[in-house]
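*Asks:* Quick one: sequence and predicted model below, then my questions.
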Amino acid sequence: MTTITIPPDLASRLFDEAQRRGTTPELLALDGLRRLFAPPADNGSANQGTLFDFLAGYIGTVAASAEPYSENCGRRFAEGLAEKRERGRI
């Protein structure tokens, strides 16, 4: 651990800004130092675009069932509940 002595003029500004942000002067100072000396690793994620762009090579590659499961959802759900009740699972 390292101790840093902050001059009074900076200490008062740091304290005021920490109060304004609802944090402590220590956390505010650490956050600023991390941004300066330990920026987050750039793994190229900033240039990936949208989720659609990210999944572009995979969209449409999954073989799906020919059955349209999005139709009659309410009826199918009710039938499934009734079947579970008959089996004693509900």
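*Replies:* Everything's here; your move.

*Asks:* neighbours of the nearest residue to residue 59 once chain neighbours are set aside, just the number please.
*Replies:* With CB to CB, 6 or more residues apart in numbering as the measure, residue 52 is the residue that lies nearest to residue 59, at 7.6 Å, once sequence neighbours are left out. Heads up, the C-betas are built off the backbone N, CA and C, glycines and all. Each residue near residue 52 was counted by other CB atoms under 10 Å, and the total is 8.

*Asks:* host element of residue 52?
*Replies:* helix 51-55 (DSSP states H and E).

*Asks:* Next SSE downstream of that helix?
*Replies:* Past helix 51-55, heading to the C-terminal end, the next element that is a helix or strand (DSSP H and E) is helix 73-87.

*Asks:* Which neighbouring elements make contact with that following helix?
*Replies:* Under the contact criterion of 3 or more CB pairs under 8 Å, 6 or more residues apart in numbering; DSSP states H and E, the helices and strands touching helix 73-87 comprise an empty set.
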